[in-house]
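In: Sequence and predicted structure are below.
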Amino acid sequence: MPPKTPEDPEQNPYDLLEVSQEATEAEIRTAYRTRSLKVHPDRNRNDPNAAQKFHALTTASTLLLDPLRRLALDAQLRLQAAKKQRFASYDNKRKTMVSELEEREKEFKKARMAKDQEKTARESENVRIREEGRRMREQREKELELQELERRCARSKDEPNGTVEEDTLAPPPPGDLDTTIRVKYVLSSHPALSTAFALATHLRRYGEIDEGAVVMSQKVKKPKKSKGLVGGDIIVTALVPFNQLGAAFAVVSSAESLKDRGMDVAWAGGSEPPILGWLRDRGELGGPAPNRAEPLPTKAAPEGTTFSSFPSSFPVFDNVAPPSPPAAKAGMDYESLTLLRMREAERTRLEKEILEAEAAEGS
């Protein structure tokens, strides 16, 4: 059983330090040093209560060395002694009455505490129900909006000459992670890229980077034969936000050559930003969407090379000309439009999913 502390009304700090109520300050300090050396956790490693005993001694010493608190403690001890003396003089009947009264008071306190807990639980349940109702209402509103969009798309197909409403040609709204890429590499392969500043300097050849917003994490990877890693390898994962979408696109387009040098690059959102698909459908991007299983056959730009703003010009590596642009479409088909709206609804959860994936991979 852990020792009682001086805050316990049944514990006497004088008894804990083994001194009398008339002890001087010097005697209290001497008693504390003597007793604390005996129960110190460093000398009693096998005693699980050593730390609690040492804390109790320290608290008792601090209390007794405070003149005002000691004065209050002495008054409390005198009252307890007087009460104990009076109780000893009571006859059995009065002792029984006092005991019953104290027991009733304890039961009342327990009942009040249980009532407060029940009230708190009921309020929490009400909050949960309101939150669930709000979530269901929002979900229902999104479903109605999607149904309305589907009806409008269906009407547009039935219109003469395949006319499409103007709002279906509008570009998707910008996302928070449209210009952000995720870079992953083994620190031993790139020892110079141990800080966010160094990584931003290394990737600045593609375009300007918001250095203050670069997020970097390092984890010790357990050895895996399939990965070719040894014990103690440090895996660095960083989110690098570029100032322009064209620069981020250039890095992802160079993923193959960067991977050959031990650096994996992908979009931070887990998929290509919707605006790239919109531009590609309009014939302004200069080629089809890159396949993740087969990255574009590009190479990293040489040191000092920078790229112009998006989307008028993207980098062309080693004189490899970009694919010829397809003819601009008159509008987006129903399936593409539906997928675009679904991606918009999920964009706000992308960052959370990235963090969860990193945590699962580390475990």
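Out: Good, I have the coordinates.
In: Tell me the buried residues in stretch 121-134?
Out: Taking 16 or more other Cβ atoms under 10 Å as the basis for neighbour counts, none of the residues of stretch 121-134 comes out buried. Any C-beta I mention is one placed from the backbone N, CA and C, and that applies to glycine too.
In: Just the CA coordinates for it, please, in PDB.
Out: Listed in PDB are the C-alpha atoms of stretch 121-134, where the atom choice follows Å, rounded to 0.1, in the frame of the first residue of the first chain:
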ATOM      1  CA  ALA A 121     -23.100  11.400 -19.500                       C
ATOM      2  CA  ARG A 122     -26.600  12.500 -20.600                       C
ATOM      3  CA  GLU A 123     -25.200  15.800 -21.800                       C
ATOM      4  CA  SER A 124     -22.400  14.000 -23.700                       C
ATOM      5  CA  GLU A 125     -25.000  11.800 -25.400                       C
ATOM      6  CA  ASN A 126     -27.100  14.700 -26.400                       C
ATOM      7  CA  VAL A 127     -24.000  16.400 -28.000                       C
ATOM      8  CA  ARG A 128     -23.200  13.200 -29.800                       C
ATOM      9  CA  ILE A 129     -26.800  12.900 -31.100                       C
ATOM     10  CA  ARG A 130     -26.800  16.500 -32.300                       C
ATOM     11  CA  GLU A 131     -23.400  16.000 -34.000                       C
ATOM     12  CA  GLU A 132     -24.600  12.800 -35.700                       C
ATOM     13  CA  GLY A 133     -27.700  14.600 -36.900                       C
ATOM     14  CA  ARG A 134     -25.700  17.400 -38.300                       C
END
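In: Secondary structure element holding Arg137?
Out: Of the helices and strands defined by DSSP states H and E, Arg137 is found in helix 92-158.
In: which element follows that helix toward the C-terminus?
Out: Using DSSP H and E, the helix or strand that follows helix 92-158 towards the C-terminus is strand 180-186.
In: does Ala238 have beta-bridge partners, and which?
Out: In this structure, Ala238 has the following beta-bridge partners (DSSP bridges): Val183, Met216.
In: Quick check: it touching Ala213?
Out: No - at 11.0 Å, Ala238 and Ala213 do not qualify as touching, with contact defined as Cβ atoms under 8 Å.
In: Among the two, which residue is more densely surrounded?
Out: With other Cβ atoms under 10 Å as the criterion, Ala238 and Ala213 differ in neighbour count, and Ala238 comes out ahead with 20 against 12.
In: and the more buried one, what is it in contact with?
Out: Counting by Cβ atoms under 8 Å, 6 or more residues apart in numbering, Ala238 touches 182-184, 196, 199, 214-217.
In: Roughly how far does it sit from Val127?
Out: When Cβ to Cβ, to the nearest Å is the yardstick, Ala238 and Val127 sit 38 Å from each other.
In: looking at this structure, which helix or strand is least sure?
Out: Evaluated with mean pLDDT, DSSP states H and E, the helix-and-strand set of the chain has its lowest mean pLDDT in helix 334-346, which scores a mean of 60.
In: what about the stretch 101-250 of the chain, any weak spots by pLDDT?
Out: 158-169, 222-232 (pLDDT under 70).
In: what's the neighbour count on Met113?
Out: Met113 is surrounded by 10 other residues when neighbours are defined as other Cβ under 10 Å.
In: residues of stretch 190-206 that come out buried?
Out: In terms of neighbour count (16+ other Cβ under 10 Å), stretch 190-206 has its buried residues at 190, 193, 196, 199-200, 202-206.
In: quick check, nearest of those residues to His55?
Out: Proximity of the buried residues of stretch 190-206 to His55 (Cβ to Cβ) peaks at Ala196, which lies at 42.0 Å.
In: pretty sure the closest one is touching Met216, no?
Out: Yes - using Cβ under 8 Å, Ala196 is in contact with Met216, at 4.8 Å.
In: How is the chain divided into domains?
Out: Partitioning the chain according to automatic domain parsing yields domains covering residues 13-89, 176-362.
In: Give me the distance between Leu149 and Gly175.
Out: Leu149 is 19 Å from Gly175, where distance means Cβ to Cβ.
In: Run through the residues that contact Glu18.
Out: If you count contacts by Cβ under 8 Å, 6+ apart, Glu18 has them with 31, 35.
In: for it, phi and psi?
Out: Glu18 adopts backbone torsions of phi 60, psi 50, taken as degrees, to the nearest 10.
In: Tell me how far it lies from Arg135.
Out: The gap separating Glu18 from Arg135 is 62 Å, by Cβ to Cβ.
In: now do Ile181
Out: Here the distance between Ile181 and Arg135 works out to 32 Å (Cβ to Cβ).
In: of these two, who's got more company?
Out: Just comparing Ile181 and Arg135: by other Cβ under 10 Å the higher neighbour count belongs to Ile181, 25 against 10.
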